[in-house]
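In: I would like to see how this sequence folds:
(chains A and B)
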Amino acid sequence: MDEKNEELYLRSLDGRIGDTEGAQLSAAKETDSRLQIRMDQFVKVRAMLLRQGEDSFGPFFAERIINRIKSVKKEIDYQVFFFFKKYQMAAIGVVVALLVLNIIYADRLTIKSVLGFEEEQIDNIVTIDLYQDLTK
Amino acid sequence: MAEQSDEMLVDSSRAGDLGAFKRLVLRHEGKVAGVVRSMLGSTPEAEDVGQEVFIRFYEALNKFRGDSSVGTYLTRIAINLSLNEIKRRKRRFSFFGSEEEGSRAPAHEDQRDLKEMLSYEFGRLDPDFRAVATLRLVEGYSTEETASLLGIPLGTVLSRLARGQKKLRMALEKHLK
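Out: Got it, this is the predicted structure:
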């Protein structure tokens, strides 16, 4: 019976108990001195556990957090930089190879040949005959 | 200047304002410290877990929709990370073959005052009971809020609370004798 009333009391502290159960508990309190002692002990335990005032992790806790965030950010930036650096190097390699191929293909070293523009052959240049007969 | 609300500080933090995030840390450090210390005791790992709580929150800022308050959100992270730390501790201690709580026990029982004794006994509670007791008895959340924070039914909260409190009461009785 003791156990049941104890349960009932705890439930009254943390939940809700019905009117009948409330009356049962009140009656038990009147007659059972042991229950009364236990109830006082529960109240004492709860009062001692309840947090009094603000807790803290000590001075400069917020600063340590911010520094950690900053260092994580730096680390990410660094990783992103190196991730793309690999591809940058590969891209530069491809471009240089293409430029070299252009020079080999054109067989001459001019800006146009390096950039891969086709140079006009001298035979294909259309000349205007300045001496053509305009009277015709 | 009027004090900025948590929501405003979250918005500024999202936009990259670390000063705003620092203000959030300062505002909620006490609550997080209370929860973590209650779960783990005043151990060196407690601050590491505390830092991790805020780092996780920072990383999740874009996902934070404000359905619950910042304090409640941080409390949930703090409880989960503390439970993870307890599991990790158990694995570590079982690997090295020593008792987890043994190291926390004061050398002479009679030298302990009531509060220390209770704190020691609290640390010996099963972690699931401790989580419920931390939220309800230490932090003062309602039983409904506790159930919601831990994602467990109200009945489970009530039964864990009752069992935890009985153990603590018995320890108190033993100490007083």
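In: what does chain A have sitting close to chain B?
Out: A:6-7, A:10-11, A:14-15, A:38, A:41-42, A:44-46, A:48-51, A:54-58, A:61-66, A:68-70, A:72 (CB under 8 Å from any CB of the partner chain). (Each C-beta comes from the backbone N, C-alpha and C, glycine too.)
In: Please flag which of these sit within helices.
Out: Among the residues of chain A next to chain B, the members found in helices (DSSP state H) are A:6-7, A:10-11, A:14, A:38, A:41-42, A:44-46, A:48-49, A:61-66, A:68-70, A:72.
In: and the residue nearest to B:Asp6 when sequence neighbours are not counted, what are its phi and psi?
Out: Residue nearest to B:Asp6 in three dimensions, not counting chain neighbours: B:Val70, with 4.3 Å by CB to CB, 6 or more residues apart in numbering or on different chains. When read as degrees, to the nearest 10, the backbone of B:Val70 gives phi -60, psi -40.
In: Tell me, what's the model's pLDDT at residue 62?
Out: Just so you know, I chose chain A. A:Ala62 is assigned a pLDDT of 94 by the prediction.
In: my bad, the chain I had in mind was chain B
Out: For B:Asn62, pLDDT reads 89.
In: The closest residue to it other than its chain neighbours: neighbour count?
Out: In space, and not counting its chain neighbours, B:Asn62 is closest to B:Arg14: 6.4 Å by CB to CB, 6+ apart. Taking other CB atoms under 10 Å in any protein chain shown as the criterion, the count of residues near B:Arg14 is 14.
In: can you check B:Gly30 too?
Out: Using other CB under 10 Å: B:Gly30 sits among 16 other residues.
In: Just to check, it is in contact with A:Gly58?
Out: No. Between B:Gly30 and A:Gly58 there is no contact under CB atoms under 8 Å: 11.9 Å.
In: Next, the contact list for B:Glu85, please.
Out: B:Met39, B:Leu40, B:Glu45, B:Val49 (CB atoms under 8 Å, 6 or more residues apart in numbering or on different chains).
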